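predicted coordinates and the sequence they were generated for:
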Amino acid sequence: MPTTTPSVTSTPSVVALPTATALDTARLLLGVFLPTVARGPIIRRPWAVGLTARLDLDTRAVGIVRKVHARYPEGPLMLKLPVRKQAIVLDPGDVNTVLAQSPEPFSAASSEKKAALSHFQPANSLISRGPVRTVRRALQEQVLDTEHPVHHLADTFVPVVEEEMQALLAEAVRTGSLPWADFLDAWYRVVRRVVFGDHAREDKDLTAMIIRLRKDGNWAFLKPVRKDTRRRFLQRIADELAHAEPGSLAAVMAAAPKGDGAEPADQVPQWLFAFDPAGMAVFRALTVFATHPDAVATARAEVDGDTSGRRVLPYLRASVLEALRLWPTTPMILRQTTRAVEWPEGLMPAECGVLVYAPYFHRDERSLRSAHNFSPERWLTDEDDGWPLVPFSDGPVVCPGKQLVLLLTSAALASLVGGHDFRVEEGQILDPDRPLPGTMDNYSVRLGVSPRA
């Protein structure tokens with residue numbers, strides 16, 4: 001998919017970008033933005049996810065964006081808002097341009113994101129700009145081993161995943177079922193052990209602290225920061241870094257060289273935050289496997305023939321990516337212009353919010369084969385190269401933990417499906433011969449579990 005190349009300018013153009021009518025702006029706000037925010041941009045609200053699934057609001061949102069795009073086919077579209085300069089990107093080539101030219105002039109540190117994430121990580125690289133962002137991003141990439149599909153601590157991390165998934169399965173077989181809440185508890189144990197070490201396995205207080213702060217983050221500007229709670233939370237992380245357990249991400253962080261302004265304690269909460277939706281992707285993929293016999297057969301063939309010690313599992317990694325394509329945990333990718341940007345269609349002003357609504361591109365059946373079906377194979381070929389399938393964002397601001405997340409999530413799926421059968425006892429009906437729903441309500445899913453036949 002070709003990209004346009006906007007230019008940065010300090011001389012205002014006489015031509016402005018197309019602007020949506022007040023009615024189309026209202027359609028986008030009420031039909032796309034509001035339902036997405038209501039579900040919780042920082043931590044999901046289960047009731048809102050359930051309501052969205054029952055009313056099929058995500059499918060409706062994609063339809064709204066498609067109709068608006070048909071009325072404004074060229075270039076980014078400005079919205080008619082009284083106090084906020086805001087654009088939505090509707091063309092796939094323009095999406096690639098915005099992501100490729102982040103963080104300059106399209107900064108990831110948008111006003112909304114800074115307001116939300118400052119509740120628990122005010123100096124994180126994701127909401128930083130300028131030289132200090134470079135320092136913090138470099139530290140993140142070094143610790144997370146961003147450039148390598150297999151993290152250098154995989155020999156420690158993968159057995160942790162295996163241990164926790166097997167303990168989860170033993171309890172699920174005993175009770176006969178696996179609800180989301182039980183899976184999430186096990187996944188949090190994985191996260192704490194990977195980030196801080198085995199001693200943190202049962203440190204539920206730390207998890208409870210970030211959950212409380214993330215719930216505040218859902219309200220962004222509208223809720224005051226719990227400064228005392230945030231201070232105690234970040235001090236707990238600083239203490240963990242000061243006494244880091246060998247073989248943990250904290251130990252890698254503690255030993256890494258740090259530039260001025262690195263603020264290492266503020267970089268760690270993003271790992272705890274990002275691993276949460278990663279667990280959601282595992283459970284959703286597992287729910288699909290429970291209803292898609294061909295997919296689970298392919299997954300098991302890979303597990304049975306694996307010689308990498310569950311470090312390199314291409315089909316299972318692709319299955320996680322496919323679950324994230326179908327049900328992105330970051331449906332709204334936000335940027336904000338640092339300077340005025342001249343597009344072929346007109347000027348985008350400085351400090352303008354830029355929204356990429358990922359489901360519109362992820363579910364475009366006009367351009368994607370099997371857009372509404374589970375097709376992990378798409379991630380193993382080049383058929384969709386250039387199309388903005390961006391569950392981890394893309395470009396220079398791509399999630400630095402992408403490869404580590406895929407390592408851990410694919411290892412978890414391997415542990416789960418390798419020796420056990422699953423069936424959906426409660427929750428949505430997922431038919432492999434019909435389009436999958438626009439929303440997956442993982443909170444209502446209960447899986448039946450039995451040893452593999």
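Yes, it's here.

excluding chain neighbours, what is closest to residue 131?
With CB to CB, 6 or more residues apart in numbering as the criterion, residue 131 has its nearest non-adjacent residue at 7.8 Å, and that residue is residue 261. To be clear about C-beta, it is placed using only N, CA and C from the backbone, and glycine gets the same treatment.

I'd say that neighbour and residue 136 touch.
Yes: with contact defined as CB atoms under 8 Å, residue 261 reaches residue 136; the gap is 7.3 Å.

mind listing the shared neighbours of these two?
Residues touching both residue 261 and residue 136 (CB atoms under 8 Å, 6 or more residues apart in numbering) are residue 123.

of these two, who's got more company?
Shown here are residue 261 and residue 136; by other CB atoms under 10 Å, residue 136 has more neighbours (24 against 14).

which residues does that one contact?
123-125, 128, 261-263, 266-267.

any idea which helix or strand carries it?
helix 130-144 (DSSP states H and E).

mind listing residues that contact the next helix or strand after that helix?
Counting by DSSP H and E, the next helix or strand C-terminal to helix 130-144 is helix 154-175. Helix 154-175 has contacts (CB under 8 Å, 6+ apart) with 151, 178, 182-183, 186-187, 189-190, 193-194, 198, 247-248, 309-311, 404, 407-408, 411-412, 415-416, 419-420, 447, 449-451.

which one of the contacts of residue 136 is nearest residue 437?
residue 124 (33.0 Å; CB to CB).

what values do phi and psi take at residue 424?
Backbone torsions of residue 424, given as degrees, to the nearest 10, read phi -90, psi 120.

check contacts around the residue lying closest to it once chain neighbours are set aside.
The shortest distance from residue 424 to any non-neighbouring residue, by CB to CB, 6+ apart, is to residue 290 (5.2 Å). If you count contacts by CB under 8 Å, 6+ apart, residue 290 has them with 296, 422-424, 430, 447.

nearest to residue 368 among the residues you listed?
residue 430 (18.8 Å).

now that closest one: how far from residue 123?
Per CB to CB, to the nearest Å, residue 430 is found 41 Å from residue 123.

just to revisit the earlier point, can you tell me the SS state at the residue nearest to residue 131?
Assigned with DSSP: H, G, I helix; E, B strand; the rest coil, residue 261 falls in the coil class.

please, where are all the strands along the stretch 1-150 of the chain?
7-8, 77-78, 86-88, 106-107 (DSSP state E, counting those that start in this stretch).

export those strands as a markdown table, with columns for mean pLDDT, distance to residue 395 and mean neighbour count.
Listed next are the strands of the stretch 1-150 of the chain as a markdown table, based on pLDDT from 0 to 100; distance: least, CB to CB, whole Å; neighbours: other CB atoms under 10 Å:
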| stretch | mean pLDDT | distance to residue 395 | mean neighbour count |
| --- | --- | --- | --- |
| strand 7-8 | 56 | 16 | 12 |
| strand 77-78 | 98 | 21 | 24 |
| strand 86-88 | 98 | 18 | 24 |
| strand 106-107 | 98 | 9 | 25 |
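
for those, which one sits closest to residue 436?
The closest of those to residue 436 is strand 86-88. By CB to CB, the value is 24.9 Å.

just the contacts of residue 290: which are in helices?
residue 296 (DSSP state H).

among the contacts of residue 290, which one has the most neighbours?
Ranked by neighbour count (other CB under 10 Å), those have residue 447 at the top, with 25 neighbours.

which residue packs closest to that residue, ignoring adjacent ones?
Nearest one to residue 447, counting by CB to CB, 6+ apart, is residue 178 at 4.4 Å.

is it true that that neighbour touches residue 446?
Yes: using CB under 8 Å, residue 178 makes contact with residue 446 at a distance of 7.1 Å.

of those two, who's got more company?
The neighbour count for residue 178 versus residue 446, taken as other CB under 10 Å, is higher for residue 178 (26 against 18).

pretty sure that one belongs to a strand, no?
Yes: judged by three-state DSSP, residue 178 forms part of a strand.

roughly how far apart are it and residue 189?
From residue 178 to residue 189 the distance is 15 Å (CB to CB).

same deal with residue 204?
According to CB to CB, residue 204 and residue 189 sit 9 Å apart.

who has more neighbours, these two?
residue 189 (22 against 14).

quick check, that one in a helix?
Yes: assessed with three-state DSSP, residue 189 lies in a helix.

next one, pLDDT for it please.
Among the per-residue scores, residue 189 holds a pLDDT of 98.

tell me the contacts of it?
164, 201-202.

with residue 209 instead?
229, 232-233, 236.

7 Å instead, please
Contacts here follow CB atoms under 7 Å, 6 or more residues apart in numbering; on that basis residue 209 touches 229, 233.
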